[in-house]
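Engineer: Provided below are the primary sequence and the corresponding predicted coordinates.
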Amino acid sequence: MTKADIVSNIVEETGLERVEALKAVESFMTTIKSSLSKGQNVYLRGFGSFIVKKRAEKTGRNISKNTTIIIPAHNIPSFKPAKTFVDDVKTNVKVK
């Protein structure tokens, strides 16, 4: 499913204009990104949490030059689905 598909579903379910639905989806994504950029986690009850995870410094290898490099500590965005969301997917998704 793409962003366009999400916007189409919102238009069908709510009756909003396509432009308004697109603006709402874009605003939602911008809000999530800006909150995570500030180090603030976002919790959506029944859906999941968008969280910032810290990755520790580690040693990596540059295979082409056969050298060891240090990968500095950094933060990454992550999503943790709510238990009800996980249970719903487990019971309703049928693998082909």
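Structural biologist: Yep, that arrived.

Engineer: ok, now how distant is residue 48 from residue 88?
Structural biologist: Taking CB to CB, to the nearest Å as the measure, residue 48 and residue 88 are separated by 12 Å. Just so you know, the C-beta spots here come from the backbone N, C-alpha and C atoms, and that holds for glycine as well.

Engineer: Looking at these two, which has the bigger crowd around it?
Structural biologist: Higher neighbour count among residue 48 and residue 88: residue 48, with 17 against 13, using other CB atoms under 10 Å.

Engineer: mind listing what the residue lying closest to the more buried one once chain neighbours are set aside touches?
Structural biologist: In space, residue 48 comes closest to residue 81 once its chain neighbours are excluded; the distance is 4.1 Å by CB to CB, 6 or more residues apart in numbering. Residues near residue 81 by CB atoms under 8 Å, 6 or more residues apart in numbering: 47, 48, 89.

Engineer: what's the answer for residue 17, then?
Structural biologist: By CB under 8 Å, 6+ apart, the neighbours of residue 17 are residue 11.

Engineer: switch to 10 Å and redo it
Structural biologist: With contacts defined as CB atoms under 10 Å, 6 or more residues apart in numbering, residue 17 is in contact with 11, 23.

Engineer: how close does it sit to residue 80?
Structural biologist: Applying CB to CB to residue 17 and residue 80 gives a distance of 33 Å.

Engineer: what's around residue 68, how many residues?
Structural biologist: 9.

Engineer: Tell me how far the residue nearest to the spatial centre of the chain lies from residue 40.
Structural biologist: Centroid-nearest residue in the chain: residue 79, 5.2 Å away (criterion: CA atoms, centre = their mean). Distance, residue 79 to residue 40, using CB to CB: 15 Å.

Engineer: Tell me which residues are up against the longest helix seen in the chain.
Structural biologist: Counting residues, the longest helix in the chain under DSSP state H turns out to be helix 18-37. Applying CB under 10 Å, 6+ apart, the contact partners of helix 18-37 are 3-4, 6-17, 40-42, 44, 50-52, 75-79.

Engineer: and it, how far from the chain's centre?
Structural biologist: 12 Å (CA atoms, centre = their mean, to the nearest Å).
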